[in-house]
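**Q** below are the sequence and a predicted model for it; my questions follow.
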Amino acid sequence: MRARRREINIFNMSLLDILCGALGAFCFMMLVALPYYKPGAGTNTQARENQQKNDELMREIEKLKDQLGNPNAAEDLQELLRKLQAQIQSLQGQVNQLTSENQQLTADNKELDRKLRFKKPFLVVLSAGEMNQDLDLYVRDDLKGEKYQNPPFDPTIAHHSVYWPGDLNAYVPGHGLSVWVTADSPANVHYKIYAKLSSEPPARKATGVSGALIADTYNFALPVTQLTPERFWTLVGTLTADNDAKLAFKEATEAERDAEWKAIAKTAPPPLTGASPAASSQQQQAPAASSANQRRDFMQKRQGRQLLPGPPPSTKP
């Protein structure tokens with residue numbers, strides 16, 4: 001008996017039916033998952049293009065189902081598979097880009113939160129016992145920018161200007177009052193406070209200088225520091241910000257003030273000839289009523305005047 005001749009066909013109707021069913025299920029899963037990807041404003045155009053490509057692929061799948069009886073359906077199916085793989089790679093690249101952008105935004109938010117937590121301004125006020133004196137106040141920090149840092153105290157300048165953006169300073173000429181506002185206080189930063197008689201040398205008088213530090217949730221008084229015509233400037237003390245940017249004050253010792261004078265003026269510090277210990281003690285123990293009278297007289301004299309801003313910030317590094 002003669003053997004029956006069999007024809008081997010790899011891409012038969014059963015295989016094509018299975019592949020089309022799998023591809024259809026995969027495409028429907030992709031269409032369901034795509035709406036949950038929310039691209040940014042810069043990727044809207046690309047998302048629309050991808051959606052159009054997906055719609056075209058779905059239409060081709062529908063056409064392929066109608067052509068399952070066609071012998072060329074296998075080649076069309078392979079071409080469709082290649083297009084689907086390319087589309088999946090494109091979508092994966094878009095997802096990776098969005099993931100990278102999300103990580104960058106998270107890092108930026110953390111940096112902004114850190115800056116806001118340390119955005120704690122504070123105010124330093126100094127006043128002289130001799131109201132007819134011109135007083136200069138300088139608060140120097142040890143912050144360092146990318147290229148520059150706050151310049152050192154200069155006793156030859158009548159009034160120091162602010163250096164960092166956001167800081168402010170002001171003074172009342174001839175009334176012994178000067179203020180300094182620092183915009184923020186980062187953690188672990190030190191601030192040196194300098195006081196100086198800015199009046200002309202013949203008009204300088206021995207006086208005590210006192211003041212206060214004022215912040216949003218705390219404030220404290222600064223000690224009385226003596227200035228004389230010869231010793232017309234001095235280091236009042238140092239403010240230190242802790243890990244939470246809260247400030248603490250340490251009064252400078254006489255040795256530290258002498259060392260600061262030698263380092264800046266390059267000469268030996270003159271003695272405090274114009275201020276005796278008795279005068280200093282008497283000024284520190286002045287009655288509260290006398291201080292209140294001085295403040296009232298000052299406010300009366302200040303009417304019609306305004307705080308004069310310090311010189312414009314220097315453009316020199």
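**A** It's in.
**Q** contact partners for the residue nearest to Leu177 when sequence neighbours are not counted?
**A** Leaving aside its sequence neighbours, Leu177 sits nearest to Ser127 (Cβ to Cβ, 6 or more residues apart in numbering; 5.0 Å). The way it works is simple: take the backbone N, C-alpha and C, and place the C-beta from them, glycine included. Residues in contact with Ser127 (Cβ atoms under 8 Å, 6 or more residues apart in numbering) are 135, 176-178, 209-211.
**Q** before we move on, what about Phe122?
**A** 181-182, 185, 213-215, 247.
**Q** with Ala241 instead?
**A** Taking Cβ under 8 Å, 6+ apart, we find Ala241 in contact with 185-191, 247.
**Q** picking up where we left off before, after the helix or strand containing the residue nearest to Leu177, next one along is what?
**A** Here Ser127 sits within strand 122-128, counting by DSSP states H and E. Downstream of strand 122-128, the first helix or strand assigned by DSSP H and E is strand 135-141.
**Q** what comes up buried for the helix or strand that comes right after that next one?
**A** Sequence-wise, the next helix or strand downstream of strand 135-141 (DSSP H and E) is strand 168-172. For strand 168-172, burial by neighbour count (16 or more other Cβ atoms under 10 Å) applies to 169-172.
**Q** put the alpha carbons of the strand holding Ser127 into CSV.
**A** Extracted C-alpha coordinates of strand 122-128, given in CSV (Å, rounded to 0.1, in the frame of the first residue of the first chain):
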residue,chain,number,x,y,z
PHE,A,122,18.1,87.3,63.8
LEU,A,123,18.7,90.9,64.8
VAL,A,124,21.6,92.4,66.7
VAL,A,125,21.2,95.8,68.4
LEU,A,126,23.9,97.9,70.0
SER,A,127,23.6,101.2,71.7
ALA,A,128,26.1,103.5,73.3
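**Q** that one pairs with which strands?
**A** Partners of strand 122-128 in the sheet, by DSSP bridges, are strand 177-182 (antiparallel), strand 207-214 (antiparallel).
**Q** coming back round to it: among the buried residues of strand 168-172, which two are most distant?
**A** Greatest spatial distance among these (Cβ to Cβ): Asn169 and Val172, at 12.0 Å.
**Q** mind giving me the packing neighbours of the longest helix belonging to the chain?
**A** Longest helix of the chain, by residue count under DSSP state H: helix 73-117. Helices and strands touching helix 73-117, by 3 or more Cβ pairs under 8 Å, 6 or more residues apart in numbering; DSSP states H and E, are helix 13-33, helix 44-66.
**Q** could you redo the last one with a cut-off of 6 Å?
**A** helix 44-66 (3 or more Cβ pairs under 6 Å, 6 or more residues apart in numbering; DSSP states H and E).
**Q** average pLDDT across the helix it packs on?
**A** In this model, helix 44-66 has a mean pLDDT of 71.
**Q** and what of stretch 203-219?
**A** Rounded mean pLDDT across stretch 203-219 is 88.
**Q** how close does the residue nearest to Leu177 sit to Asp216?
**A** 22 Å (Cβ to Cβ, to the nearest Å).
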